[in-house]
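In: take this sequence and fold it.
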Amino acid sequence: TASVKLVELSGSPQAFALENISVVAVPEDASVAAYERAIALLLEGKELLTTRVATSVSGRKVAVRGMRFPALGKAELEGALRYEGSQVIAFDLEDSYLDHDVVESEDGKSELMDVLFVAARREIVDGKLSVLEGAGLEPRVVGVDALVLLDALLVKGDLPETCGVVSIGASNTSIGIMRKGTVPFVRDIEIGGTDYTQAVATALSVTLEEAEQVKIQEPEKDLASARAIERVTRRLVGELSRSLMYYQTRPGGSQVDALYLCGGASVVPGLTEAIAEAAGIEVLPWSPLDSVYVDDARFDAEAVEKLASVSSLAAALAMKQDPN
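Out: Alright, predicted model coming up:
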């Protein structure tokens, strides 16, 4: 919503190395042309190893659901998913891309099938693909934000039994929770970094650009700014707490042992502590780049560290394997 990010990695899981990283801002309510210009700037002067890219989607026009069926054949399962999906998903599946994955039970002996079902409106997927292809890139993977981040978390390894990732972007927050042998839980919350900026701008009667600087630098120095940020944090923490409670009470749900926090707005002062206190669990700052080798001779380590949070999703996407 606020920027376009590029991360290119070489190597393979457990041995990724950074090849390129860049972030270009886009204006609020950016047009397709603005995104095209941003991507052109990202690619300018870069010697990419490949033009193959992965991207992802989230928000109201994307639905992720867990479904359970008796053992079914491929054709029967696809029919059952389409029917059940039409009952629980708010938008028309006829104008959507659909995909699913059967989740193997831990003992492999269950007579029931747990299925992860994903639907995404064609307009949101086709829009992204068109912009990427127009820039001379070759889209190979389209994922869902939270699921992509959960996959990247698995690369980290040494995880508790049940854990989740919370990615706080400009316009929304994506939460994904996973436990082996169960369908992942995904939810998008329409609160993000822009809400913090707008709250500070209103409290201080300044422009959004000025509010962004206050938010990033030392918001605690101004009482009105600090209180504005605290109000947005309470709203976000409340929604996250409700999501965790829902996950714990659903079939296959359990107590979440830890949350890994990423995204550009995850560095808001006091947010990590507020989530940990409300949820009563460990909350850890994290980025997929934490497990990536960065050559100090090629990159400014401090600059890469500053980009780690905002580039989390892009880095996670770069870890995806090309299906072909």
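In: list the helices and strands the least confident helix or strand in the chain by mean pLDDT packs on?
Out: For the chain, the helix or strand with the lowest mean confidence is helix 208-216, at a mean of 79 (criterion: mean pLDDT, DSSP states H and E). Helices and strands touching helix 208-216, by 3 or more CB pairs under 8 Å, 6 or more residues apart in numbering; DSSP states H and E, are helix 193-204, helix 223-249. To be clear about C-beta, it is placed using only N, CA and C from the backbone, and glycine gets the same treatment.
In: pLDDT value on D107, please?
Out: What the model reports as pLDDT for D107 is 58.
In: could we number from 496 for the rest of this?
Out: Fine by me, first position is 496 from now on; the one you just mentioned is D602.
In: what separates the least confident helix or strand of the chain from the chain centre, distance-wise?
Out: Here the centre of helix 703-711 is set off from its chain's centre by 23 Å, with CA atoms, centre = their mean, to the nearest Å.
In: which parts of that helix are buried?
Out: 706-707, 709-710 (16 or more other CB atoms under 10 Å).
In: before we move on, what about stretch 718-738?
Out: 720-721, 723-725, 727-728, 731-732, 734-735, 738.
In: how about it as CSV, C-alpha atoms only?
Out: Extracted C-alpha coordinates of stretch 718-738, given in CSV (Å, rounded to 0.1, in the frame of the first residue of the first chain):
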residue,chain,number,x,y,z
LEU,A,718,2.4,13.3,25.1
ALA,A,719,-0.4,13.8,22.5
SER,A,720,1.6,11.7,20.0
ALA,A,721,2.3,9.0,22.5
ARG,A,722,-1.4,8.8,23.5
ALA,A,723,-2.5,8.7,19.9
ILE,A,724,-0.2,5.8,19.2
GLU,A,725,-1.3,4.0,22.4
ARG,A,726,-5.0,4.2,21.3
VAL,A,727,-4.2,2.5,17.9
THR,A,728,-2.1,-0.1,19.7
ARG,A,729,-5.0,-0.9,22.0
ARG,A,730,-7.3,-1.5,19.0
LEU,A,731,-4.8,-3.7,17.2
VAL,A,732,-3.9,-5.7,20.4
GLY,A,733,-7.7,-6.2,21.0
GLU,A,734,-8.2,-7.6,17.5
LEU,A,735,-5.1,-9.8,17.8
SER,A,736,-6.3,-11.1,21.2
ARG,A,737,-9.7,-12.0,19.8
SER,A,738,-8.0,-13.9,16.9
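In: just the pLDDT for E800.
Out: 93.
In: next SSE after the helix or strand where it lies?
Out: Applying DSSP states H and E as the criterion places E800 in helix 796-802. Per DSSP H and E, the first helix or strand lying C-terminal to helix 796-802 is helix 807-813.
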